[in-house]
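Trainee: just need the structure, nothing else, for what follows:
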Amino acid sequence: MKTTKTLFAAAILAVTTLWVTEVKAQKIAHINTRELLIMMPEYKEANKQMETYSKQLEEQLSSMNAELEKKYGEYSKSANQMPDAVKELKEKEIQQLQERIEMFKQNASESVQKKEQQLLEPIVKKAKESIQSVAKENGYTYVFDTSTGALVMFPEGDNLMGLVKKKLNIVEVATPPTTTPKPAQK
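Mentor: Numbers count the residues shown, from 1 in each chain. Below is the predicted model:
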(Lines give C-alpha, C1' and ligand atoms only; values in the text may rest on other atoms or scores of the structure.)
Protein backbone atom coordinates (compact mmCIF):
# COMPACT_ATOMS: atom_id res chain seq x y z
CA MET A 1 0.00 0.00 0.00
CA LYS A 2 2.86 2.33 0.87
CA THR A 3 4.46 1.65 -2.54
CA THR A 4 1.20 2.54 -4.31
CA LYS A 5 1.02 5.85 -2.45
CA THR A 6 4.65 6.53 -3.26
CA LEU A 7 4.14 5.71 -6.93
CA PHE A 8 0.99 7.84 -7.01
CA ALA A 9 2.82 10.77 -5.39
CA ALA A 10 5.73 10.36 -7.81
CA ALA A 11 3.34 10.31 -10.77
CA ILE A 12 1.60 13.49 -9.56
CA LEU A 13 4.98 15.15 -9.03
CA ALA A 14 6.08 14.18 -12.54
CA VAL A 15 2.87 15.45 -14.14
CA THR A 16 3.04 18.69 -12.15
CA THR A 17 6.68 19.20 -13.12
CA LEU A 18 5.87 18.63 -16.78
CA TRP A 19 2.92 21.02 -16.59
CA VAL A 20 4.97 23.75 -14.87
CA THR A 21 7.76 23.28 -17.44
CA GLU A 22 5.23 23.54 -20.27
CA VAL A 23 3.67 26.70 -18.81
CA LYS A 24 7.10 28.31 -18.35
CA ALA A 25 8.04 27.46 -21.95
CA GLN A 26 5.10 29.41 -23.36
CA LYS A 27 5.85 32.95 -24.40
CA ILE A 28 3.16 35.56 -23.93
CA ALA A 29 3.07 38.97 -25.61
CA HIS A 30 0.70 41.88 -26.06
CA ILE A 31 -0.11 44.52 -28.66
CA ASN A 32 -2.60 47.37 -28.95
CA THR A 33 -4.30 46.64 -32.27
CA ARG A 34 -6.21 49.94 -32.26
CA GLU A 35 -2.91 51.87 -32.17
CA LEU A 36 -1.46 49.62 -34.86
CA LEU A 37 -4.43 50.17 -37.17
CA ILE A 38 -4.25 53.94 -36.71
CA MET A 39 -0.57 53.89 -37.72
CA MET A 40 -1.18 51.93 -40.90
CA PRO A 41 -1.21 54.06 -44.09
CA GLU A 42 -4.12 51.98 -45.40
CA TYR A 43 -6.19 52.97 -42.37
CA LYS A 44 -5.45 56.65 -42.92
CA GLU A 45 -6.52 56.32 -46.57
CA ALA A 46 -9.69 54.46 -45.56
CA ASN A 47 -10.51 57.27 -43.11
CA LYS A 48 -10.12 59.85 -45.90
CA GLN A 49 -12.43 57.82 -48.13
CA MET A 50 -14.98 57.52 -45.31
CA GLU A 51 -14.88 61.27 -44.68
CA THR A 52 -15.46 61.97 -48.37
CA TYR A 53 -18.28 59.43 -48.55
CA SER A 54 -19.94 60.74 -45.40
CA LYS A 55 -19.63 64.32 -46.62
CA GLN A 56 -21.40 63.42 -49.88
CA LEU A 57 -24.27 61.85 -47.95
CA GLU A 58 -24.47 64.84 -45.59
CA GLU A 59 -24.62 67.22 -48.56
CA GLN A 60 -27.46 65.20 -50.07
CA LEU A 61 -29.33 65.23 -46.76
CA SER A 62 -28.75 68.96 -46.39
CA SER A 63 -30.15 69.51 -49.89
CA MET A 64 -33.24 67.46 -49.06
CA ASN A 65 -33.75 69.38 -45.81
CA ALA A 66 -33.44 72.70 -47.67
CA GLU A 67 -36.07 71.54 -50.14
CA LEU A 68 -38.35 70.56 -47.24
CA GLU A 69 -37.90 73.94 -45.55
CA LYS A 70 -38.62 75.75 -48.82
CA LYS A 71 -41.80 73.75 -49.46
CA TYR A 72 -42.96 74.17 -45.88
CA GLY A 73 -42.23 77.92 -46.00
CA GLU A 74 -44.21 78.33 -49.21
CA TYR A 75 -47.05 76.29 -47.79
CA SER A 76 -47.13 78.29 -44.53
CA LYS A 77 -47.28 81.64 -46.36
CA SER A 78 -50.19 80.75 -48.57
CA ALA A 79 -52.02 77.98 -46.70
CA ASN A 80 -54.90 80.27 -45.69
CA GLN A 81 -55.53 81.30 -49.31
CA MET A 82 -55.34 77.82 -50.87
CA PRO A 83 -58.39 75.80 -51.79
CA ASP A 84 -58.74 72.71 -49.59
CA ALA A 85 -57.80 70.33 -52.42
CA VAL A 86 -54.54 72.20 -53.13
CA LYS A 87 -53.82 72.53 -49.43
CA GLU A 88 -54.28 68.79 -48.95
CA LEU A 89 -52.03 68.07 -51.94
CA LYS A 90 -49.26 70.33 -50.56
CA GLU A 91 -49.50 68.74 -47.10
CA LYS A 92 -49.23 65.30 -48.63
CA GLU A 93 -46.22 66.44 -50.68
CA ILE A 94 -44.49 67.77 -47.54
CA GLN A 95 -45.25 64.57 -45.62
CA GLN A 96 -43.87 62.40 -48.44
CA LEU A 97 -40.69 64.49 -48.52
CA GLN A 98 -40.30 64.07 -44.75
CA GLU A 99 -40.70 60.30 -45.16
CA ARG A 100 -38.11 60.27 -47.96
CA ILE A 101 -35.69 62.18 -45.72
CA GLU A 102 -36.17 59.67 -42.89
CA MET A 103 -35.69 56.76 -45.29
CA PHE A 104 -32.57 58.43 -46.69
CA LYS A 105 -31.15 58.81 -43.15
CA GLN A 106 -31.70 55.11 -42.44
CA ASN A 107 -30.22 54.01 -45.76
CA ALA A 108 -27.29 56.40 -45.38
CA SER A 109 -26.49 55.06 -41.92
CA GLU A 110 -26.52 51.47 -43.18
CA SER A 111 -24.51 52.47 -46.23
CA VAL A 112 -21.85 54.15 -44.08
CA GLN A 113 -21.55 51.03 -41.92
CA LYS A 114 -21.20 48.78 -44.97
CA LYS A 115 -18.66 51.09 -46.59
CA GLU A 116 -16.61 51.25 -43.38
CA GLN A 117 -16.66 47.47 -43.03
CA GLN A 118 -15.69 47.07 -46.68
CA LEU A 119 -12.74 49.46 -46.28
CA LEU A 120 -11.53 48.21 -42.88
CA GLU A 121 -11.86 44.46 -43.40
CA PRO A 122 -8.70 44.02 -45.51
CA ILE A 123 -6.74 46.36 -43.23
CA VAL A 124 -7.72 44.46 -40.09
CA LYS A 125 -6.93 41.19 -41.87
CA LYS A 126 -3.47 42.46 -42.85
CA ALA A 127 -2.75 43.61 -39.29
CA LYS A 128 -3.95 40.31 -37.83
CA GLU A 129 -1.86 38.27 -40.28
CA SER A 130 1.21 40.36 -39.48
CA ILE A 131 0.70 39.94 -35.74
CA GLN A 132 0.30 36.18 -36.18
CA SER A 133 3.40 36.01 -38.38
CA VAL A 134 5.55 38.00 -35.94
CA ALA A 135 4.28 35.93 -33.01
CA LYS A 136 5.09 32.70 -34.83
CA GLU A 137 8.52 33.92 -35.96
CA ASN A 138 9.40 34.91 -32.39
CA GLY A 139 7.96 31.85 -30.65
CA TYR A 140 5.01 33.49 -28.88
CA THR A 141 2.23 31.14 -27.85
CA TYR A 142 -0.30 33.80 -26.85
CA VAL A 143 -0.73 37.43 -27.89
CA PHE A 144 -3.20 39.61 -26.02
CA ASP A 145 -4.87 42.67 -27.50
CA THR A 146 -4.51 45.48 -24.94
CA SER A 147 -6.88 47.79 -26.84
CA THR A 148 -9.88 45.87 -25.52
CA GLY A 149 -9.20 46.99 -21.97
CA ALA A 150 -9.61 43.45 -20.61
CA LEU A 151 -6.01 43.17 -19.39
CA VAL A 152 -5.28 44.77 -16.05
CA MET A 153 -1.51 44.32 -16.18
CA PHE A 154 1.00 43.29 -18.79
CA PRO A 155 4.80 43.32 -19.00
CA GLU A 156 6.35 46.08 -21.11
CA GLY A 157 9.10 43.83 -22.47
CA ASP A 158 6.79 41.67 -24.54
CA ASN A 159 5.06 44.35 -26.61
CA LEU A 160 5.00 43.22 -30.25
CA MET A 161 4.17 46.68 -31.63
CA GLY A 162 7.73 47.42 -32.79
CA LEU A 163 8.16 44.07 -34.54
CA VAL A 164 4.75 44.26 -36.24
CA LYS A 165 5.34 47.86 -37.37
CA LYS A 166 8.66 46.72 -38.84
CA LYS A 167 6.92 43.83 -40.62
CA LEU A 168 4.34 46.26 -42.06
CA ASN A 169 7.03 48.84 -42.94
CA ILE A 170 5.36 51.49 -40.79
CA VAL A 171 7.64 54.42 -40.12
CA GLU A 172 6.38 56.86 -37.55
CA VAL A 173 6.84 60.55 -38.08
CA ALA A 174 7.76 62.36 -34.86
CA THR A 175 4.77 64.47 -33.86
CA PRO A 176 3.86 66.18 -30.64
CA PRO A 177 1.70 64.03 -28.36
CA THR A 178 -2.02 64.39 -28.94
CA THR A 179 -5.07 62.46 -27.96
CA THR A 180 -5.37 59.14 -29.72
CA PRO A 181 -7.74 59.46 -32.69
CA LYS A 182 -10.68 57.09 -32.54
CA PRO A 183 -11.36 54.72 -35.42
CA ALA A 184 -14.34 55.57 -37.60
CA GLN A 185 -17.60 54.78 -35.89
CA LYS A 186 -19.80 52.04 -37.19
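Trainee: from residue 113, how far out is residue 73?
Mentor: 34 Å (CB to CB, to the nearest Å). All C-beta atoms are positioned from the backbone trio N, CA, C, and that covers glycine.
Trainee: state whether residue 144 is indeed within a strand.
Mentor: Yes. The assignment for residue 144, made by DSSP: H, G, I helix; E, B strand; the rest coil, places it in a strand.
Trainee: so how far is residue 31 from it?
Mentor: In this structure, residue 144 and residue 31 are 8 Å apart, going by CB to CB.
Trainee: and residue 68, what does it touch?
Mentor: 94, 97, 98, 101 (CB atoms under 8 Å, 6 or more residues apart in numbering).
Trainee: for residue 126, state which of those is nearest.
Mentor: Using CB to CB, the shortest approach to residue 126 within these belongs to residue 101, at 38.3 Å.
Trainee: circling back to that earlier point, so for residue 73 and residue 113, which sits in the more crowded spot?
Mentor: With other CB atoms under 10 Å as the criterion, residue 73 and residue 113 differ in neighbour count, and residue 113 comes out ahead with 13 against 10.
Trainee: can I assume the more buried one sits in a strand?
Mentor: No. Using three-state DSSP, the assignment for residue 113 is helix, not a strand.
Trainee: which stretches of the protein form strands?
Mentor: According to DSSP state E, the chain carries its strands in the segments 27-31, 140-145.
Trainee: next, the angle strand 140-145 makes with the first one.
Mentor: This means strand 27-31. What separates the directions of strand 27-31 and strand 140-145 is an angle of 30 degrees, with axes from the mean of the first three to the mean of the last three CA atoms, to 10 degrees.
Trainee: in the chain, what spans have low per-residue confidence?
Mentor: Low-confidence regions of the chain, defined here as pLDDT under 70, cover residues 1-25, 150-157, 173-186.
Trainee: switch to 90 and redo it
Mentor: 1-30, 79-80, 82, 140-186 (pLDDT under 90).
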